[in-house]
Structures are given as C-alpha cells and as structure tokens.
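Asks: Any chance you could fold what I've pasted below:
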Amino acid sequence: MKNSKNGWTLLLLVLAGIVLGGFVGSLAAGVPGLSWLDYGQSFGLESPIILSLGLLVLTFGLTIKVTIASTIGMILAIFVYRWI
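Replies: Below you'll find the predicted structure:
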C-alpha cells in the first residue's frame with residue numbers, strides 16, 4: 001500500500017501549528033509565568049506599498065512575527081506529521 005503522506009499535508013500542519021502557537025503566545029502574554037511564550041521578533045514592511053493605477057489601487061504589505069510559541073507549534077506539527 002502506498003504511503004499517503006505528501007508535502008501538502010506537511011505544509012498545512014506546519015501552518016496550523018504556527019497559527020495556533022501564535023494564538024497561544026498572544027493569550028499567554030498577560031500571564032506572568034507564561035509571558036516568555038510571546039517573546040519574538042517581527043520583520044517585514046513597516047508601511048504598506050501602495051500602487052495607484054487610477055481606477056484601481058493596490059496595497060501590498062507583509063509582516064511576520066516569529067515567537068517562541070509559534071516555533072513550538074511548528075515543531076509539534078512536524079511531530080504530528082511523522083506520527084500520522
């Protein structure tokens with residue numbers, strides 16, 4: 001029987017781990033013993049790039065915040081992928 005694991009499953013699990021980890025980190029930011037989970041670095045565009053074409057205006061912007069909780073979530077997602 002063929003192994004059903006593929007790259008899309010890994011990508012979806014890692015993205016879910018990052019999102020859930022970031023959510024847990026933002027919830028833990030106010031808790032004194034768990035505030036370290038929200039420690040991290042943000043990088044990306046400070047202000048969005050605006051492209052005005054007269055009739056159409058496009059706004060581009062991207063900011064990524066990497067926290068300890070999102071890193072833990074990503075690692076757990078990889079372990080779940082190896083387990084399934």
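
Asks: Just give me the neighbour total for Gly61.
Replies: The burial count assigned to Gly61 is 11, neighbours taken as other C-beta atoms under 10 Å. For the C-beta atoms, the positions are set from N, CA and C on the backbone; glycine is no exception.

Asks: would Leu55 count as being in a strand?
Replies: No: using DSSP: H, G, I helix; E, B strand; the rest coil, the secondary structure at Leu55 is coil, not a strand.

Asks: Enumerate every residue touching it.
Replies: Going by C-beta atoms under 8 Å, 6 or more residues apart in numbering, Leu55 touches no other residue.

Asks: So for the lengthiest helix in the chain, what gets flagged as buried?
Replies: The residue-count maximum for a helix in the chain (DSSP state H) belongs to helix 7-28. Across helix 7-28, burial judged by 16 or more other C-beta atoms under 10 Å covers 13-14, 17-18, 20-22, 24-25, 28.

Asks: Then stretch 71-82?
Replies: Going by neighbour count (16+ other C-beta under 10 Å), the buried part of stretch 71-82 is 71-74, 76-77, 81.

Asks: In helices only, show me those residues.
Replies: Among those, the members found in helices (DSSP H) are 71-74, 76-77, 81.

Asks: which regions of this structure lie under the pLDDT threshold?
Replies: 1-4 (pLDDT under 70).

Asks: Could you tell me which residues make contact with the residue nearest to Thr9 when sequence neighbours are not counted?
Replies: Once flanking residues are discounted, Thr9 sits nearest to Tyr81: 6.6 Å by C-beta to C-beta, 6 or more residues apart in numbering. Contacts were defined as C-beta under 8 Å, 6+ apart; by that measure Tyr81 touches 5, 9-10, 13-14.

Asks: Also Thr63?
Replies: 42-45.

Asks: could these go into a markdown table alongside secondary structure and distance to Gly61?
Replies: Putting those into a markdown table (DSSP: H, G, I helix; E, B strand; the rest coil; distance: C-beta to C-beta, whole Å) gives the following:
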| residue | secondary structure | distance to Gly61 |
| --- | --- | --- |
| Ser42 | strand | 13 |
| Phe43 | strand | 13 |
| Gly44 | strand | 8 |
| Leu45 | coil | 5 |
